[in-house]
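> Pasted the sequence and its predicted model underneath.
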Protein chains: 2
Amino acid sequence: MMSASQCYSKQDFETFEKRFQTTFFNSLSGFKSLNLVGSCDAQGSTNLTLVNSVFHVGANPPLIGLVFRPNSVPRHGLENILETESFTLNHVSKAMLERAHQSSARYDRNVSEFDACEFNREYGAIKAPYVQESQVKIGLKLAEVLPVELNATTIIISEIQEVILPNSAVGDDGYVDLEKLGSLTCAGLDAYFQPQFLKRLSYPKVDRPVQALGGQDRK
Amino acid sequence: MMSASQCYSKQDFETFEKRFQTTFFNSLSGFKSLNLVGSCDAQGSTNLTLVNSVFHVGANPPLIGLVFRPNSVPRHGLENILETESFTLNHVSKAMLERAHQSSARYDRNVSEFDACEFNREYGAIKAPYVQESQVKIGLKLAEVLPVELNATTIIISEIQEVILPNSAVGDDGYVDLEKLGSLTCAGLDAYFQPQFLKRLSYPKVDRPVQALGGQDRK
């Protein structure tokens, strides 16, 4: 049974201890997508980093947004993307989880997280490397850079160039079955979850109630 | 057993039927957060709409990003936010799901989705209404508007002013237990999932393997 609700005001936020504040606000807004970003510099040295800030921007053309936080340490991934205008997104499944989380450690530039975290590189139509172990691989080209003035964050918008995934996971209507693919979700900085399918719902119309779609999306 | 992987190129995307393309790219990039956006115009007329495009921008100050797609029909929610600089995010749990999905139907401006979808309004420190039924309520103030030139999408960055949630769901370290709160996740336009907790992992360090954190986050 849930306890009574508490209201936290801006004044309360100011009393939060720094680490508490980071953890609280990172988990607050809901579950997020989990992707490994693969990139390389002009010389081909590779980098891999885990992100939970991918968002959908459009389907035609297919555009994805990604947030890079300001940081006092170098952000090799972002530097590579700005340099080569190319990167990959790679879904994370259960067997990859510990290694994927480990890729966020602050490795020196001369160490590739592919090697340090024991992932294999795979190459396709773009310069940046895919994670071979990943079930869903998305190749992207940098398209627009949006600086967020408030906190020195950088949002990049990129166009999908290539998608590699098992075709049995793509439905007749284009639906990608992420549960079948074993893709995970996350909350905050360190909590990981396996989503269980509830239902798909019909296109909402003003004049009729929504209904669960038929079994097409289940095994 | 998963079938062999297929590679879809940009040339393949061009052969996609429009609806297939929308469904494919909406579900491709991973699970997303699920929130009802509560807003009102200057006169106090309320609007409610379901979004899956919330992303974390920063914890100090607490900033959240939200994408509004370009649309040939009016976007009352975005209009309200630009007018009042105020809105709420409200998590969606299983008992709210059908009603929340229904709120995306194209209601006339003079119909409030709160009434049409049978949600109750609740008011706090900001002008915009919360969804009373929601376990996690976040009040925000518009802070920055970022137009995406590529496809006429609008990204807004907002600062959290107030948070209302059961205090039993907030851990000693600030971790918000979304599983305990019953928050759902979604993929694409119409598929909903209940995440099951796997583990929290220790802060990644270069010189040691990550470990599952102790049971503090489990019941």
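Sure, I can see it.

> Quick check: next helix or strand after the top strand by length along chain A?
Secondary structure assigned by DSSP state E gives strand A:153-166 as the longest strand of chain A. Once strand A:153-166 ends, the next helix or strand along the chain (criterion: DSSP states H and E) is helix A:178-181.

> Quickly check: that next one near chain B or not.
Yes: figure legend: helix A:178-181 in contact with chain B (C-beta under 8 Å from any C-beta of the partner chain); contacting residues A:178-181. For the C-beta atoms, the positions are set from N, CA and C on the backbone; glycine is no exception.

> and the residue nearest to A:S93 when sequence neighbours are not counted, how many residues sit next to it?
Spatial nearest neighbour of A:S93, excluding adjacent residues (C-beta to C-beta, 6 or more residues apart in numbering or on different chains): A:G182 at 3.8 Å. Using other C-beta atoms under 10 Å in any protein chain shown, A:G182 is surrounded by 17 other residues.

> and A:G182, how far is that from A:A95?
8 Å (C-beta to C-beta, to the nearest Å).

> Same question for A:F197.
Distance from A:F197 to A:A95, by C-beta to C-beta: 20 Å.

> Equivalent analysis for A:Y203, please.
For A:Y203, the distance to A:A95 - C-beta to C-beta - is 36 Å.

> for A:A191, same thing?
In terms of C-beta to C-beta, A:A191 sits 18 Å off from A:A95.

> ok, so of the residues of helix A:178-181 next to chain B, who is nearest chain B?
A:L178 (5.0 Å; C-beta to the nearest C-beta).

> what's near enough to touch the nearest residue to that closest one once chain neighbours are set aside?
Spatial nearest neighbour of A:L178, chain neighbours left out: B:A187 (5.0 Å); criterion: C-beta to C-beta, 6+ apart. With contact set as C-beta atoms under 8 Å, 6 or more residues apart in numbering or on different chains, B:A187 has these partners: A:176, A:178, A:195, B:27, B:30-32, B:193.

> does A:N60 really touch B:T22, like I thought?
Yes: counting by C-beta atoms under 8 Å, A:N60 touches B:T22, with 7.1 Å between them.

> And those two? Which one has more around it.
B:T22 (19 against 12).

> and the gap between the closest residue to that one other than its chain neighbours and A:V111?
Leaving aside its chain neighbours, B:T22 sits nearest to A:A59 (4.5 Å; criterion: C-beta to C-beta, 6+ apart). According to C-beta to C-beta, A:A59 stands 37 Å off from A:V111.

> More neighbours: which of those two?
When A:A59 and A:V111 are compared for neighbours, A:A59 comes out ahead with 25 against 14, by other C-beta under 10 Å.

> Quick check: next helix or strand after the helix or strand hosting A:E83?
Following DSSP H and E, one finds A:E83 within helix A:76-84. On the C-terminal side of helix A:76-84, the closest following helix or strand by DSSP H and E is strand A:86-91.

> Which elements pack onto that following strand?
With contacts defined as 3 or more C-beta pairs under 8 Å, 6 or more residues apart in numbering or on different chains; DSSP states H and E, strand A:86-91 has these neighbours: strand A:35-40, helix A:76-84, strand A:130-131, strand A:137-148.

> Of these, which is nearest chain B?
Using C-beta to the nearest C-beta, the nearest of the helices and strands packed on strand A:86-91 to chain B is strand A:137-148, at 4.9 Å.

> ok, back up a step: tell me the confidence at the residue nearest to B:T22?
Per-residue pLDDT puts A:A59 at 96.

> Enumerate every residue touching it.
Counted by C-beta under 8 Å, 6+ apart, A:A59 has contacts B:21-22, B:24-26.

> can we see that at 10 Å?
A:160, A:174, B:13, B:16, B:18-26, B:28, B:69, B:151, B:188-189 (C-beta atoms under 10 Å, 6 or more residues apart in numbering or on different chains).

> Kindly report the same for A:I64.
By C-beta under 10 Å, 6+ apart, the contact set of A:I64 is A:33, A:35, A:54-58, A:89, A:138, A:140, A:143, A:156-160, B:25, B:28-30.

> quick one, phi psi at it?
Main-chain torsions, A:I64, degrees, to the nearest 10: phi -130, psi 140.

> which residues of chain A score low on pLDDT?
A:1-2, A:71-74, A:215-219 (pLDDT under 70).

> and the nearest residue to A:V170 once chain neighbours are set aside, how many residues sit next to it?
Take A:V170 and drop its neighbours on the chain: the residue closest to it by C-beta to C-beta, 6+ apart is A:V176, 5.8 Å away. Look at A:V176: counted by other C-beta under 10 Å, it has 26 neighbours.

> before we move on, the earlier item: using TSV, please lay out the helices and strands packed on strand A:86-91 together with mean neighbour count and distance to chain B.
Listed next are the helices and strands packed on strand A:86-91 as TSV, based on neighbours: other C-beta atoms under 10 Å in any protein chain shown; distance: least, C-beta to the nearest C-beta, whole Å:
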stretch	mean neighbour count	distance to chain B
strand A:35-40	26	6
helix A:76-84	20	13
strand A:130-131	26	10
strand A:137-148	20	5
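
> Any idea which of these gets closest to B:R121?
strand A:137-148 (31.0 Å; C-beta to C-beta).

> Roughly how far does A:K180 sit from A:L36?
20 Å.

> and if you look at A:S112?
Taking C-beta to C-beta, one finds A:S112 at 13 Å from A:L36.

> same thing with A:I157?
19 Å.

> Between A:A191 and A:A95, point out the one with more neighbours.
A:A191 (25 against 10).

> That one contacts A:L97, doesn't it?
No: contact criterion C-beta atoms under 10 Å: A:A191 and A:L97 do not qualify, at 11.3 Å.

> who touches both of these two?
B:198-199, B:201.

> buried residues in stretch A:8-27?
A:8, A:10, A:13, A:16, A:20-27 (16 or more other C-beta atoms under 10 Å in any protein chain shown).

> I am finished for the moment; much appreciated.
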